[in-house]
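K.L.:
when you get a sec, could you give me coordinates for this:
(chains A and B)
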Amino acid sequence: MTDETYDFARIQQRWLPVWDRIRPFATDDETDARPRKYVLDMFPYPSGDLHMGHAESYAYGDVLARYWRQQGFNVLHPIGWDSFGLPAENAAIKRGADPAAWTAENIEQHKRSMRQYATAFDWDRILHTSDPAYYKWNQWLFLELYKAGLAYRKPSNVNWCPKDQTVLANEQVVAGACERCGTAVVKKKLTQWYFKIADYADRLLDDLNQLEGRWPDKVLRMQRNWIGRSVGAEVEFEIEGHHSRVPVFTTRPDTLYGATFMVVAPDSDLAAELASGASPEVRMRFQAYLEDVGRMTEIDRQNAERTKTGVDLGRFAIHPLTGERLPVWTADYVLADYGHGAVMAVPAHDQRDLDFARAFDLPVKVVVDTNAAVTGVLPMIPIDDEGNAIEPEGFAPLDPKATGEALTGDGRMMNSGELDGMSKQHAISRMVQLLEAKGVGRAAKSYRLRDWLVSRQRYWGTPIPIVHTADGQEVPVPFEQLPVTLPSSAGLDLTPKGTSPLGAAEDWVNVPSPIDGSPARRDADTMDTFVDSSWYFLRFLSPNDDTQPFDKAQVERWAPVDRYVGGVEHAILHLLYARFITKVLFDLGHVPFTEPFEALLNQGMVILDGAKMSKSKGNLVTLSEELEQYGVDAVRLAMSFAGPPEDDIDWKDVSPTGAQKFLARAWRLSKESLAKPGTDPKPGDRALRRETHRFLADAPGLVEALKFNVVVARLMELTNAARKAVDGAAGAADPAVREAVETIALGLSLFAPYTAEEMWANLGFEPSIANAGWRKADRSLLVQQTVTAVVQVNGKVRDRIEVAADVAADEFERLARELPGVARSIGDREVRQAIVRAPRLVNFVVG
RNA sequence: GCCGGUGUGGCGGAAUCGGCAGACGCGGCGCACUCAAACUGCGCUUCCGCGAGGAGUGUGGGUUCGAGUCCCACCACCGGCACCA
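P.N.:
Down below sits the predicted model:
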């Protein structure tokens, strides 16, 4: 192989050791006065080697990090590993590997691959979450929440994955199945640790407005839906023979007069209490029902087609306004952990209540006349082509019990005492006033978001830093004793069996109480790994500080993250948790901001033949093989050129060969350009200079708009223009050619670091091009003397004309009118109007 | 069911403001170089039509001098949530 052929393998070998020596992406200079940017890629889970998804994500993150660096910013772009979690543990169970050793090997493999992939990471700031030096601060964080009353333990019906034998957070249950393994999730009553994320629901929702335009709309919408704020009222009902009033939440307090029964969730404490006060027969039926419900998987439960089931508890609630006796039922369509676990059933105006009423022949009372015109709103009467009103065929009868259709729309209140005649909105506010005046209710909000279940019954995670004393007290492990390190996995049975394997590590679990030294036991559960990742972006700012989780001065220097890059699969998991923890840290005075990630880029997936790649489907594209065949730069460039970064990339549509050819074309230009470094480009070919400066002017806006594919296309255009100049009149010695090739190299430095560096060297510069700095566009070169104008007749293009850029409107119109194509098209018709947009367009309106 | 998104050549995609539809590339076709090929370079490539010309951004309508872009309705596909009261 000679020096005259583009040889990616040789170029890769040449530059890696150079970069290792000059560390182009170090950020350790405290005196660096440049403005700063923090670009962060979601850190990977270290299982196996990097795959195509990583390659895509890091290619994009690098474009941004390298771009800001060229723009004169001091850019922090660190990497680490989210190294706790199930895969390491499962590998341990399957192959008898030590999770710590398995993890360390994978991290080393990742590091090698990332280095080869030429990611612009600062290698002095790496971290991994299974490092005691990291999870010490995870435990610190847990205790901060605990002290603030934001971490607590409670017994509850939790999501349980029967395969992984562990609890799951709500966010980890997807369509009723375990997010990880796809097994149908069941409910299990367990005492578990929670973080009070629901207390932050309003802030998590409202602060999304700040992120508008900088986070993808899709993610904002998903978070809003997930938090699921509903506005309505709380209404209190007496229950005969029950010690206290029972509150229910409703979004339709206006329909309170239509409530004909009450339903409580079978797995709620209230249901158990009410059943215990009922007849022996009811108690038996309730027990049987509760067991049926408990056996059901989440997938079955979520089936909306399912017919309604339930049990009459034989108890009666008292309607707070009418004093009517309403039967109390229990049914699994009411959820124990939403609102108050009980609802007032208004079958006439709620489809679920109606389905239930029809199944058990309960009364239905209409209180909103949805056929009546709404007060304060002009009724809309449809009209036919002649403008005559079309008389309605006749309204559907207001008889939901017969039709099976609940009347959920707006209308005029009826059968509702003082509310009669009002519209829905009016009636809602009036009813809230009434309830408040009578002391039996109030305006209220409810959320879909539940508290975050953070304990897990697995080995490979951060131990929860709590000790349980013999008399049942929870005692936080004192700070000086942190970290509570994991015991060695040697000798422990890690097979999932429903309780934490740590409980069997007798030497580890039995400790003296931190209070009085009496025998006590460590909490044997570990933390959800989403706790680890909820604050790691702060640890990068002072990754080796063993006195504090993060250095405040460094936080002020770098945080929050300016651009976060990662997959959309974290839209409501990691991203919600990190936002929550940031707000907690703000409230506790640890950070001066409330949102962790200023801007977010969700890259799409790399798929093959329209389907997600997977080993089992056999449609896997192996990154290392692609890199071997086409080289790092071609793969990176092909990723960036494939389409908008947020769209999925089907690898069958991608041509790394095409990318390679383009890189070779660009590289060849750097070998051919003859002008010496520093040659004044001013006398050079003007047309090529214009192309060069158009690129310099446009590329920054395109990068910032994340249109990487367009930037690459523009680089290809500039390369084609330079090729033509070399082969044409200008020739290889023209200084404009050198200027263009330098610009191509600079542009390529965002996408193809090896080739760019090689071109830079060919052009006679020292490494590293990554820090060479962007060139400023010369605006005067962008001004055109003449413009190709378009001439339309009735909006259709009929001809084109070259005109002076400053052509006067009347002159422009006259020239356009005389064009042969235009004259022919107009013929002898009269020109009624001419729209003139000098110097770009004339449109003659003829008729 | 609720919330939202997307429909542009054979394919991936481009088109700051309503103003040349299809940039750039893949694939295809052709030419030059070569004994031949590879490489490379150049040209053509939305559809119909020999051509002049006509049609064209999911479908139907509307606004406008002018619509891929704005408005209304519909169709198709995709995503999120899902008995959340």
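K.L.:
count the residues that sit near the nearest residue to A:Ile515 once chain neighbours are set aside.
P.N.:
Distance criterion Cβ to Cβ, 6 or more residues apart in numbering; nearest residue to A:Ile515, sequence neighbours excluded, is A:Val475 at 5.7 Å. (Each C-beta comes from the backbone N, C-alpha and C, glycine too.) For A:Val475, the count of nearby residues is 16 (other Cβ atoms under 10 Å).
K.L.:
got a list of what A:Val475 touches?
P.N.:
A:Val475 sits next to A:Ile466, A:Val467, A:His468, A:Thr469, A:Ser513, A:Pro514, A:Ile515, A:Ala520 when contact means Cβ atoms under 8 Å, 6 or more residues apart in numbering.
K.L.:
if I look at the residue nearest to the spatial centre of chain A, how far off is A:Met422?
P.N.:
Among the residues of chain A, the one closest to the centroid is A:Ala571, at 2.5 Å (Cα atoms, centre = their mean). A:Ala571 sits 40 Å away from A:Met422, going by Cβ to Cβ, to the nearest Å.
K.L.:
do A:Asn544 as well
P.N.:
As judged by Cβ to Cβ, A:Asn544 and A:Met422 stand 66 Å apart.
K.L.:
check A:Val561 too.
P.N.:
Counting by Cβ to Cβ, the gap from A:Val561 to A:Met422 is 50 Å.
K.L.:
likewise A:His51?
P.N.:
60 Å.
K.L.:
between these two, who's got more neighbours?
P.N.:
Between A:His51 and A:Met422, A:Met422 has the larger neighbour count (other Cβ under 10 Å), namely 22 against 18.
K.L.:
ok, now which ones touch the more buried one?
P.N.:
By Cβ under 8 Å, 6+ apart, the neighbours of A:Met422 are A:Asp254, A:Thr375, A:Arg412, A:Met413, A:Arg430.
K.L.:
where does the nearest residue to A:Ser279 once chain neighbours are set aside sit: helix, strand or coil?
P.N.:
If the residues on either side of it in the chain are set aside, A:Ser279 comes closest to A:Gly314, at 5.9 Å by Cβ to Cβ, 6+ apart. Three-state assignment for A:Gly314 (DSSP: H, G, I helix; E, B strand; the rest coil): strand.
K.L.:
tell me which element A:Tyr134 is part of?
P.N.:
Taking DSSP states H and E as the definition, A:Tyr134 sits inside helix A:132-147.
K.L.:
packing partners of that helix?
P.N.:
In terms of contacts (3 or more Cβ pairs under 8 Å, 6 or more residues apart in numbering; DSSP states H and E), helix A:132-147 is packed against strand A:151-161, strand A:474-476, helix A:529-532, helix A:536-539, helix A:574-587.
K.L.:
list the buried ones in that helix?
P.N.:
A:Tyr134, A:Tyr135, A:Lys136, A:Trp137, A:Asn138, A:Gln139, A:Leu141, A:Phe142, A:Leu143, A:Glu144, A:Leu145, A:Tyr146 (16 or more other Cβ atoms under 10 Å).
K.L.:
turn the residues you listed into a markdown table, including distance to A:Ser455 and pLDDT.
P.N.:
Shown next, in a markdown table, are the buried residues of helix A:132-147 (distance: Cβ to Cβ, whole Å; pLDDT from 0 to 100):
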| residue | distance to A:Ser455 | pLDDT |
| --- | --- | --- |
| A:Tyr134 | 19 | 98 |
| A:Tyr135 | 15 | 98 |
| A:Lys136 | 19 | 98 |
| A:Trp137 | 18 | 98 |
| A:Asn138 | 13 | 98 |
| A:Gln139 | 13 | 98 |
| A:Leu141 | 15 | 98 |
| A:Phe142 | 10 | 98 |
| A:Leu143 | 15 | 98 |
| A:Glu144 | 17 | 98 |
| A:Leu145 | 13 | 98 |
| A:Tyr146 | 13 | 98 |
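K.L.:
pick the one among these closest to RNA strand B.
P.N.:
A:Leu145 (23.5 Å; Cβ to the nearest atom of the strand).
K.L.:
that closest one touches A:Trp193, doesn't it?
P.N.:
No: between A:Leu145 and A:Trp193 there is no contact under Cβ atoms under 8 Å: 9.8 Å.
K.L.:
what do those two both touch?
P.N.:
A:Ala151.
K.L.:
returning to what we had before: among the contacts of A:Met422, which ones are in strands?
P.N.:
Taking DSSP state E, the ones among the contacts of A:Met422 that sit in strands are A:Arg412, A:Met413.
K.L.:
and the furthest pair within the contacts of A:Met422?
P.N.:
Using Cβ to Cβ, the contacts of A:Met422 reach their maximum pairwise distance at A:Arg412 and A:Arg430, which is 13.5 Å.
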